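Asks: Structure of the sequence below:
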Amino acid sequence: MGAPMKEELINPRVLDLIERAKEDFVSFWGETADNFSDEVRWFRKWDQVFSWDENKPYKWFVNGKTNVSYNCLEKNVKMGRSGKAALIEESGERGETRVVTYSQLLHLVKKYSKALRGLGVGKGDPVAIYMPPSIESIASMLACARIGAIHVVIFAGFSSKAVSDRLNISGAKFLLTQDYSSRRGKLIPLKKTVDEALSTSPNVNKVVVLRKFEDLDLEMEKGRDINWEEFLDLGRGEKSKLVEMDSNDPLFLLPTSGTTAMPKVTVQNHGGYQVYVYTMAKWVYGLEERDVWFCTSDIGWIVGHSYNVYGPLLVGCSSIIYEGTPDYPSGDVWWEIIERNEVTGWWVSPTGIRALMRLGKEYPERYDLSSVERVFSAGEVLNPAAWKWLQKDVFSGRVPVIDHMWQTETSGPIIANPYGLGLIPIKPGSASIPLPGIMAKILDERSGKELPPGRKGVLVIEKPFPGLTPTLWREHERYLKEYWMKFPGKRVYCTGDAAYFDEDGYLWFVGRSDEVIKISAHRIGTIEIENALISHPAVAEAGVSGVPDELRGEVACAFVVLMPGYEPSEELKKDLKEHVRKTIGPIAVIRDIEFVKALPKTRSGKIMRRVMKALWLNKDLGDLSTIEEEASIDEIREAIRRMKE
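Replies: Numbering: from 1, shown residues only. All right, here's what the predicted structure looks like:
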């Protein structure tokens, strides 16, 4: 199963956990939940660790009673953490910092939960939250969990159509939003977007609006819209009683990020999700009560759910919540936050690292970063050049910069360097090893046979684990078909990612399985070519797609964002092509390279390679609701026109 790991590279404790999980994955997760029961508490212990009728959603910790809001708040207060900072809200947009302690956050969540009840929200009701990261939006998530409602956080940058789609899919009748937000100082009219979305989402009958920009006009629809103060007044006379939730009751719904097609709506339940997110907070991130944790993700994504909100609060540490971009109001905003808050653990996407890299090393050199003990990155493969810049140039090799891999569907890391259990050697460009309890294989996409080290195929997971979504919302047959039945005669979870193991058992990702380029029968991952391009000093970012070729079947075309100080030229194109040939070999045939200012990426930083390929083939672009900059599509379209001339 997978590649054998060299024992001298792996901490004995990690090896022991891996072997125990292989022997009996059900007992392994039951023991893990038992070991962490002081922090992830149960009102009633489960009768059975795992149950799966293969035609129905599987269940973890069957008949157990718990509540994630309780374990994030009341538990911490009872453990003496009431005066500790729970959330530190940093707004690069408004230049504000706000802090709430665990006791203050508990008080706020009780207040919000009573208001939700007064609004008519009950157990099992989906509640949409279309707000930027803030104390209010996170307290709203926790308040939903407290009373058994299902929160549906919608990224506060989505268009009205994307909002409408998510409201309709979830069936939410209640929506919490904000009047405006801002991005790089530009106002974003959230309430107006909601109004447009509701013209095609008639199921929503109550909209609650938080005013952050009181001096700006705002249209409110009588009978449907109420302001935040009126909302809180609805809680007068209501009880803040916490609902004991069944382990398999839904906690939240969250669509996938849409890099491949129309987003699928994943489901996470109170029991399994808590156990997994807390376990990985300890095993991967090494989170402790003393930590000041800075995750730069948005709460609209799974990283924001799991490691801005639930993971840090379950551990009882302080979590920094950031609203804004890494370059506004200045290029040093993140570095200043790290120094001022004495951050110990930092989570940043590869896109964020590359953005900081383009801004230059002079910014971090201005700040005292000595509090930082470890850095983590995920979302896309962390290119070796970007890793080197952060690991060597910024931190001088003092702290580990750790790449790892997970998905919306998995709720937490599945391939990682287990820092919290014992750091193993870092191989730049590799996400490291399958974590204990994650039984990974590489299968041939045609035959379904397991492949040996060095052979590229599709990454699959043999057994469920507590953080893996048990179903898609109201689409269980689709869940089975698209994830568990990809290989005839095998019931394995298909990640959709192309990868290979090396001889040491480390996993290397080369792209989505449908993004592998077949050049003269040689399989080359888009990420492999992108990594080669980014290793050139002129290149800040690169996006690669396969395109048809009469002679070779497929070849690569590349779109490149340059580092400051470099200008597009035919000479640079030739240099980059030669650099790729030297790095990968002559099999890496690049048809053409075009220079662009921005790549089409999701708001969570993933390159939308399917969009580049669809533009080349002049096909429908599919779902674009998660795209960061729509202008990037026009730029790629124009670049393709130049390539084809």
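
Asks: Residue 218 against residue 211, yeah?
Replies: Yes - if you go by C-beta atoms under 8 Å, residue 218 and residue 211 touch, sitting 7.3 Å apart. Every residue, glycine included, has its C-beta placed from N, CA and C.

Asks: Name the residues contacting each of these two.
Replies: Common contacts of residue 218 and residue 211 (C-beta atoms under 8 Å, 6 or more residues apart in numbering): residue 179.

Asks: quick one: least confident helix or strand in the protein?
Replies: Least confident helix or strand, the chain: strand 522-524 with a mean of 68, by mean pLDDT, DSSP states H and E.

Asks: could you point out which element follows that one?
Replies: helix 526-534 (DSSP states H and E).

Asks: mind listing what's buried in that following helix?
Replies: 526-534 (16 or more other C-beta atoms under 10 Å).

Asks: now the helices for the stretch 1-150 of the chain?
Replies: 12-23, 25-35, 68-72, 74-78, 102-119, 135-147 (DSSP state H, counting those that start in this stretch).

Asks: separation between residue 425 and residue 397?
Replies: 13 Å (C-beta to C-beta, to the nearest Å).

Asks: More neighbours: those two, which one.
Replies: It is residue 425, of residue 425 and residue 397, that has more neighbours when counted by other C-beta atoms under 10 Å, with 12 against 9.

Asks: My read is that the more buried one contacts residue 11, right?
Replies: No - using C-beta under 8 Å as the test, residue 425 is too far from residue 11 to be in contact (11.0 Å).

Asks: Run through the strands of the stretch 251-400 of the chain in chain order.
Replies: With DSSP state E, counting those that start in this stretch as the criterion, the stretch 251-400 of the chain has strands at 265-269, 292-295, 318-323, 345-347, 374-377.

Asks: now for the second one, which elements pack on it?
Replies: To tie it back to what came earlier, the one meant is strand 292-295. strand 318-323, helix 333-341, strand 345-347 (3 or more C-beta pairs under 8 Å, 6 or more residues apart in numbering; DSSP states H and E).

Asks: again with the third one
Replies: For strand 318-323, the contact count by 3+ C-beta pairs under 8 Å, 6+ apart identifies strand 85-91, strand 292-295, helix 311-315, helix 333-341 as packing neighbours.

Asks: For residue 284, find the nearest of these.
Replies: helix 311-315 (9.8 Å; C-beta to C-beta).

Asks: where does the closest one sit relative to the chain's centre, distance-wise?
Replies: 16 Å (C-alpha atoms, centre = their mean, to the nearest Å).

Asks: go on, stretch 176-194?
Replies: Per C-alpha atoms, centre = their mean, the centroid offset for stretch 176-194 relative to its chain is 22 Å.

Asks: Can you give me the end-to-end span of that stretch?
Replies: Using C-alpha to C-alpha, to the nearest Å, one end of stretch 176-194 lies 10 Å from the other.

Asks: Quick one: neighbours of residue 564, just the number.
Replies: Counted with other C-beta under 10 Å, residues neighbouring residue 564 total 8.

Asks: Spatially nearest residue to it (excluding sequence neighbours)?
Replies: residue 358 (6.4 Å; C-beta to C-beta, 6 or more residues apart in numbering).
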